[in-house]
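Colleague: generate coordinates for the sequence data below:
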Amino acid sequence: MAGSPAAERGQVARRRLLEAAVALVPELGWSAVSTRILAERAGVTPSVVHYHFPSLQALMIEAVLGAMREVAVAFEPALETVETPAEAVDRLLASVGEYSGTDPMSLLFTEAYLAATRDDTLRQGIRELLADLRARFGGWLAERGVADAEGTAAVLFATVDGLLLHRALEPESGGEVPSAVLRRLVG
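Modeller: Below you'll find the model as predicted:
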């Protein structure tokens, strides 16, 4: 059964607001996104922002956590096609190859991490996302005999975040890390 036309329009407006937030945070920075700018980008009036969300901050948190979750779960199918932890490390590094450190998604993550230092709700959301990712990848590593599998997963993911940050700071370096360095963690 389809919803009413008004409900469908509301869902479209809500989705457009979330998409606009995901686009604006990397473009302008977290603190520069205003209700007016966001509404304009989404093609709605500013009052629509507060109709669908309790605050601009709540909208931005939902949008950014949703985008971060999509990136995090995109790695999981790769685990179905590899057999060894070393291959998983190679696949993890390959999965971030498309990110330059200055691309919109890298900037979104950087802005979110910075904003999370000042916002408990965002910090908790990112913490939960990372804990879930570490637990799932850690479980996969444990099934393959990696010692301290969840700790190893945490170090691998933190390393990837760090590599992306360094790519943004040193684009001329290419940000390449020999996979052999990280393979030793799972060996």
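Colleague: now do the contacts for the most centrally placed residue in the chain.
Modeller: Per CA atoms, centre = their mean, the C-alpha nearest to the average position across the chain is that of M68, at 2.2 Å. Each residue near M68 by CB atoms under 8 Å, 6 or more residues apart in numbering is listed here: 108-109, 112, 126, 129. All C-beta spots, glycine's among them, are computed from the backbone N, C-alpha and C.
Colleague: swap in L114?
Modeller: Taking CB under 8 Å, 6+ apart as the criterion, L114 is in contact with W30.
Colleague: recalculate using a threshold of 6 Å.
Modeller: With contact set as CB atoms under 6 Å, 6 or more residues apart in numbering, L114 has no partners.
Colleague: re the thing from before, checking the residue nearest to the centre of the chain next. Helix, strand or coil?
Modeller: Following DSSP: H, G, I helix; E, B strand; the rest coil, the label given to M68 is helix.
Colleague: can I get the contacts of M68 in TSV including secondary structure and pLDDT?
Modeller: Formatted as TSV, the contacts of M68 follow (DSSP: H, G, I helix; E, B strand; the rest coil; pLDDT from 0 to 100):
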residue	secondary structure	pLDDT
L108	helix	96
F109	helix	94
A112	helix	97
I126	helix	97
L129	helix	95
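Colleague: from those residues, pick the one nearest G97.
Modeller: Within those, proximity to G97 (CB to CB) peaks at F109, which comes in at 15.5 Å.
Colleague: any idea how far the closest one is from R41?
Modeller: Separation of F109 from R41 (CB to CB, to the nearest Å) stands at 20 Å.
Colleague: between these two, tell me which one has more neighbours.
Modeller: Neighbour count, other CB atoms under 10 Å: between F109 and R41, F109 has more, with 22 against 18.
Colleague: circling back: kindly reformat the contacts of M68 as a markdown table containing distance to V96.
Modeller: What follows is the contacts of M68, written out as a markdown table (distance: CB to CB, whole Å):
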| residue | distance to V96 |
| --- | --- |
| L108 | 14 |
| F109 | 11 |
| A112 | 16 |
| I126 | 17 |
| L129 | 16 |
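Colleague: which phi and psi does S4 have?
Modeller: For S4, the backbone dihedrals are phi -70, psi 160 (criterion: degrees, to the nearest 10).
Colleague: kindly report the same for the one 3 residues further on.
Modeller: Summarising the backbone geometry of A7 under the convention degrees, to the nearest 10, its torsions are phi -70, psi -40.
Colleague: local confidence estimate at it?
Modeller: With respect to pLDDT, A7 has a value of 77.
Colleague: low-confidence ranges, this protein, go.
Modeller: For the chain, the stretches flagged by pLDDT under 70 are 1-2, 172-178.
Colleague: one more pass at 50, please.
Modeller: Across the chain, the ranges flagged by pLDDT under 50 are 1.
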